[in-house]
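Chemist: Sequence plus predicted model, see below.
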Amino acid sequence: MSVLALELGVALAGVAELLRRATVQVQVGARGEGSGVLWRTDGLVLTNAHVAPADRARVRLSDGRVFEARLVARDPECDLAALLLPPGEYPVAERGDAAALRPGELILAFGHPLGVPNALSLGVVHRVLRDDAGAPRWIQADLRLAPGNSGGPLADVSGRVLGLNTLVAGGLGYAVPVPVISRFLERAGPPASGRRAA
Amino acid sequence: MTASPSGQPSLLAGLSRDLAATVEQVGRSVVAIHGRRRIPSSGVVWRPGAVVAASHTISRDEDLTVTLASGRTTPATLAGRDPTTDLAVLRLEDAAVPPVERGDEADLQVGRLVLALGRPGNQLTASLGLVSAVGGEWRTWQGGKVDRFVRLDLSIYDGFSGGPLVEVGGRVLGINTSGLSRAVALALPVSTVERVTDQLLTAGRVRRGFLGLAAQPVQLPDPLRSRLGLTGRIGLVIVNLESGGPAEQGGLLLGDIIVTLDGHEVGDPGDLLAALGPERVGQPAAVQLVRGGELRTVTVTVGERPARRGR
């Protein structure tokens, strides 16, 4: 067994652990579970709008704690939703630079595909689709995703979150990149004000 | 420098950078071909001024343009196509685009980490996978000869066909195609691409021998075999003869059972195809057959398979 391959395996396990801590399970009513990402230490959770269609959602953290979370913003257009956990101090993942991604770079997805908790997928950047101004609109990923990955993190090899896995089309994973998420949060305003989505 | 969770410089980050650098380097020779109605297909600058592509992705023979890595779009002409190996070659006016660096047979190993690149538009695309299986020479369902069987363990996306298979060091191992198998991703190895490219650039087509018959395998009864001294158990019964074709002109009849061609036993229609390479065109072939319970040998002059319009 080559030392290099062993080291690679260990390194992947390390990234998986970073992502596991920052990934949550999101459940609304009797619907199947989706995934979410702890975005801020105060308990702001990002997920897809199609994962969180109601005012409230049940959020299970990686340490097993389950909270009732409140929907604070939702935009079906960009398929994003923000949930707020009860006041506390929560672990978050670092953010990476989606704009600088190049085809062929290794990427990882973490989530709960088809109800399997804490599943890791490895792949590469297929390409980054950009808007007219050159800002990333979608990260197309050559990796295996399934329902339940929705809302979970797509990350670089250092565990920095690049976007939220949102849909699968033509076999490719599509993730909403961080800059689109940041604009969504700006539009939504400060969640601490208790604003509620309509 | 990024750091892994343990604070060590990350092996993964290094690998990731290497992969992206390889994609970028080889991607300079990957072009988009505008030759069908849907999204553009991929092609590879194989030699200066010559682009190799997958024949089935180019639906017209004229009015072709190519978008280079620089973003510039330039006219191209079809040098020729060989639907039997699903390869096509285009001539570019611009000979300045660097051709890819080709790997050799030794690089075709099961387990090799490989990238499939494409350019279905302006942007380059990449997929990562493995060489899944490597075998010997095989024939495609249209009868084309491929020197090595190369099965890939990677996902097929739009733009896959006609793009290069690249080992992670940046050398090209073949041309990818989804046109030769329904189920899996295959690559045509460098030697096959070279051979077909040579023929298409010099002759505009790949010549193939042609008999003008259709045949089905039949079991030869044991008494017949022992009486005629035949070693093979299977023969090929002629079920169709093209009017005016080489076989008919040579005197073959419907119902004749072919047992050998030039002394080689034929037990499968593929054996006939295999014996009809480009070098056989115009040459006599000795067809040994059973007719009315008797063995006889008929000489047929091998013709050239007529060009078929198609992809």
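Modeler: Good, I have the coordinates. Predicted, not measured: the structure shown is a model, and the values here were computed from it. Residues are numbered from 1 along each chain as shown, chains lettered A, B, ... in the order given.

Chemist: Only C-alpha atoms from now on, for both contacts and neighbour counts.
Modeler: Fine.

Chemist: Quick check: residues of chain B near chain A?
Modeler: Residues of chain B found near chain A (C-alpha under 8 Å from any C-alpha of the partner chain) are B:2-6, B:10-13, B:15-17, B:19-20, B:23-24, B:115, B:123-128, B:155, B:157-158.

Chemist: From those residues, list the buried ones, please.
Modeler: B:4-5, B:10-13, B:15-17, B:19-20, B:23-24, B:115, B:123-128, B:155, B:157-158 (16 or more other C-alpha atoms under 10 Å in any protein chain shown).

Chemist: Would you agree residue A:147 is in contact with residue A:114?
Modeler: Yes: under the criterion of C-alpha atoms under 8 Å, residue A:147 makes contact with residue A:114 at 5.6 Å.

Chemist: Mean confidence (pLDDT) on the strand or helix carrying residue B:51, please.
Modeler: Per DSSP states H and E, residue B:51 falls inside strand B:50-54. Averaging pLDDT along strand B:50-54 yields 98.

Chemist: Work out the gap between that strand and the centre of the chain.
Modeler: In terms of C-alpha atoms, centre = their mean, to the nearest Å, the centre of strand B:50-54 is found 12 Å from the chain centre.

Chemist: Could you list every helix and strand that it packs against?
Modeler: strand B:41-47, strand B:87-92, strand B:172-177 (3 or more C-alpha pairs under 8 Å, 6 or more residues apart in numbering or on different chains; DSSP states H and E).

Chemist: Can you tell me the SS state at residue B:180?
Modeler: Secondary structure, DSSP: H, G, I helix; E, B strand; the rest coil: residue B:180 is coil.

Chemist: separation between it and residue B:45?
Modeler: Taking C-alpha to C-alpha, to the nearest Å as the measure, residue B:180 falls 22 Å from residue B:45.

Chemist: what about those two, which has more around it?
Modeler: Using other C-alpha atoms under 10 Å in any protein chain shown, the more surrounded residue of residue B:180 and residue B:45 is residue B:45, with 29 against 20.

Chemist: Roughly how far does that one sit from chain A?
Modeler: 19 Å (C-alpha to the nearest C-alpha, to the nearest Å).

Chemist: Without its sequence neighbours, what residue ends up closest to that residue?
Modeler: residue B:51 (4.3 Å; C-alpha to C-alpha, 6 or more residues apart in numbering or on different chains).

Chemist: Identify the bridge partners of the one you found.
Modeler: residue B:45, residue B:90 (DSSP bridges).

Chemist: quick one, what contacts it?
Modeler: B:43, B:44, B:45, B:89, B:90, B:91, B:92 (C-alpha atoms under 8 Å, 6 or more residues apart in numbering or on different chains).

Chemist: surely residue A:170 meets residue B:157?
Modeler: Yes: judged on C-alpha under 8 Å, residue A:170 makes contact with residue B:157 at a distance of 6.7 Å.

Chemist: before we move on, the earlier item: so what strands line up beside the very next helix or strand once past the strand holding residue B:51?
Modeler: Using DSSP H and E, the next helix or strand after strand B:50-54 towards the C-terminus is strand B:64-67. Its sheet considered, strand B:64-67 pairs with strand B:30-34 (antiparallel), strand B:73-82 (antiparallel) by DSSP bridges.

Chemist: where does chain B have low pLDDT?
Modeler: B:1-9, B:307-311 (pLDDT under 70).

Chemist: And the helices in it, which stretches?
Modeler: B:11-27, B:190-203, B:222-228, B:246-249, B:269-274 (DSSP state H).

Chemist: residues in contact with the longest one?
Modeler: Outside helix B:11-27, the residues within contact range by C-alpha under 8 Å, 6+ apart are A:7-8, A:11-12, A:102-106, A:157-158, B:2, B:69, B:100, B:115, B:117, B:124, B:126, B:168-170.

Chemist: go on, the fourth one?
Modeler: Taking contacts as C-alpha under 8 Å, 6+ apart, the residues outside helix B:246-249 that touch it are B:210, B:211, B:212, B:213, B:241, B:242, B:300, B:301, B:302, B:303.

Chemist: give me the number of residues near the fourth one?
Modeler: Spelled out, it's residue B:213. 18.

Chemist: Identify the residue nearest it in space, chain neighbours excluded?
Modeler: residue B:241 (4.5 Å).

Chemist: Contact partners for the one you found?
Modeler: So residue B:241 contacts B:212, B:213, B:214, B:247, B:248, B:253, B:254 (C-alpha under 8 Å, 6+ apart).

Chemist: Could you rerun that using 10 Å?
Modeler: Contact analysis of residue B:241 by C-alpha atoms under 10 Å, 6 or more residues apart in numbering or on different chains lists B:211, B:212, B:213, B:214, B:215, B:247, B:248, B:249, B:252, B:253, B:254.

Chemist: between the strand holding residue B:51 and strand B:172-177, how many degrees?
Modeler: Strand B:50-54 and strand B:172-177 are oriented at 50 degrees to each other (axes from the mean of the first three to the mean of the last three C-alpha atoms, to 10 degrees).

Chemist: what's the angle from strand B:50-54 to strand B:41-47?
Modeler: 140 degrees.

Chemist: Report the angle between strand B:50-54 and strand B:87-92.
Modeler: Going by the same axes, to 10 degrees, strand B:50-54 makes 150 degrees with strand B:87-92.

Chemist: confidence score at residue A:9?
Modeler: As predicted, residue A:9 sits at a pLDDT of 88.

Chemist: buried residues in stretch B:260-275?
Modeler: Within stretch B:260-275, the residues scored as buried using 16+ other C-alpha under 10 Å are B:260, B:261, B:265, B:266, B:267, B:269, B:272, B:273, B:275.

Chemist: how near is the fifth one to residue B:174?
Modeler: Looking back up the chat, that one is residue B:267. 32 Å.

Chemist: What of residue B:167?
Modeler: 10 Å.

Chemist: Tell me which stretches of chain A form strands.
Modeler: Using DSSP state E, the strands of chain A run over residues A:23-27, A:34-38, A:44-47, A:56-60, A:66-75, A:80-84, A:106-111, A:119-130, A:136-142, A:153-155, A:161-169, A:172-177.

Chemist: and residue 34, what is it in contact with?
Modeler: As the question left the chain open, I've gone with chain A. A:24-28, A:47-48, A:50-52, A:59, A:111-115, A:147-152.

Chemist: you looked at the wrong chain, it should be chain B
Modeler: B:40-42, B:57-60, B:63-67, B:73, B:75-76, B:120-121.

Chemist: That's all I had, so thanks and see you.
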